[in-house]
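In: Next come a sequence and a model predicted from it.
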Amino acid sequence: MIITKFLPLWIIVCAFLGYQFPMWFADIKNVSAFCLGFILFVMGLTLSRETLKRVLLHPKNAIIGACGKWIVTTGISFLLANLFFAHQIELKTGIILAGSVPSGTSANLYTMMAGGSVALSILMSTIDTFIGPFFTPLIMKLTAANNVHDAITPLILKMVYVVLIPITAGLLIQWKFEEKITAVRSMIPILSSIALLIVDVSVVSNAHTMLAQNIRILPMLFICVVIQIILPMILGYVYSTIFKMDEPERRSIVYEFGICNTALAALLAMESIGPIAAVPAVTNMIMNTSLGALIAILWEKKWGIGLKKQGNVEMKRTS
């Protein structure tokens, strides 16, 4: 379909429209949480009992992936922040924060699009969600001397509701009405992509003023955040290969490492650091959604042969 096939392009177009015409999207500025929850809900419709049970009974890879993400992604973010913006404290802090929050919901969506292990991705995101209230404040205190605990706790608790309730509802509906759900599964990537585009345009339009006021630093910031996204993805694939994970699981790890919940990071920056600190998070969100979609499409279209073979192996294991 034209929406999923050209999703990176639509993300950039929506970001441009959100920036140029923020008044057009004033009525949808508060629907981001609903759209993120919707993405998780439809993902629940795709998970089979067998797949979820296998991941839950063998959580080693999820724990390995979640722990590796906090070490690799946070470490790279700290190094890049000091390399690019060592003397601009708020920007430096914002870059560190953008890499020190739990993984983003779009990581689950792109894992599904790329043929990765959705069950593993969601389990890693769940682990991330629960350890975030402890890790994020600690990392920020150690690396940037900022205490974001008061702001992050209620926001991550809200994220638990956005993640756990929708995914549980999707699972229950799928298991109860499995035959009827099969007929609408082909629409799931399209519906999820539309929801992601709404989140994209909503966040960018809300951040219009901050982006406009810091337009001169954006080229350097874009370079910084592209490295902040791509390098952890590459290291995530290497990391999962070292631990001898299967190909679908490696793809899940790639997105776990590369895509953080930068919408959450932007809110935290605004509430506990300052408006300029939110600019890196918004910039990261634009780039990680577009790059994530592009990589997912490449994996699905160009490198899908190996995954089909892997899928056959998985089916034999299940049977």
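Out: Nice, I can see it.

In: Please pull out the lowest mean pLDDT helix or strand from the protein.
Out: helix 304-318 (a mean of 44; mean pLDDT, DSSP states H and E).

In: So which residue is smack in the middle of this structure?
Out: Geometric centre of the chain, nearest residue: residue 104, 2.5 Å, by CA atoms, centre = their mean.

In: Let me see the contact set for that one.
Out: Residues near residue 104 by CB atoms under 8 Å, 6 or more residues apart in numbering: 259, 260, 261, 262, 263, 285, 288. C-beta here means a position set from N, CA and C on the backbone, and glycine is covered the same way.

In: any idea which helix or strand comes after whichever strand or helix holds residue 15?
Out: For residue 15, the element it lies in under DSSP states H and E is helix 7-20. Going down the chain from helix 7-20, the next helix or strand is helix 32-44, by DSSP H and E.

In: Tell me the buried residues in that following helix?
Out: Using 16 or more other CB atoms under 10 Å as the test for burial, helix 32-44 gives 32, 35, 36, 37, 38, 39, 40, 41, 42, 43, 44.

In: Pretty sure the last one sits against residue 164.
Out: No: in this structure residue 44 lies outside contact range of residue 164 using CB atoms under 8 Å: 10.3 Å.

In: how many neighbours does the residue nearest to residue 36 when sequence neighbours are not counted have?
Out: In space, residue 36 comes closest to residue 105 once its chain neighbours are excluded; the distance is 4.6 Å by CB to CB, 6 or more residues apart in numbering. Residues lying near residue 105 (other CB atoms under 10 Å) number 29.

In: And residue 105, what's its pLDDT?
Out: With respect to pLDDT, residue 105 has a value of 73.

In: any idea how far residue 227 is from it?
Out: Separation of residue 105 from residue 227 (CB to CB, to the nearest Å): 23 Å.

In: Okay, now the unreliable bits of the chain?
Out: Scanning the chain for pLDDT under 70 picks out the ranges 1, 29, 47-48, 51-52, 145-163, 178-179, 182-183, 185, 302-319.

In: buried residues in stretch 242-256?
Out: So, applying 16+ other CB under 10 Å, buried residues of stretch 242-256: 245, 246, 247, 248, 249, 250, 251, 252, 253, 254, 255, 256.

In: rewinding a little: got the buried residues of helix 32-44 as TSV, with distance to residue 122 columns?
Out: Shown next, in TSV, are the buried residues of helix 32-44 (distance: CB to CB, whole Å):
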residue	distance to residue 122
32	19
35	17
36	13
37	13
38	15
39	11
40	8
41	12
42	12
43	7
44	8
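
In: Show the end-to-end separation of stretch 50-67, please.
Out: Counting by CA to CA, to the nearest Å, you get 25 Å between the two ends of stretch 50-67.
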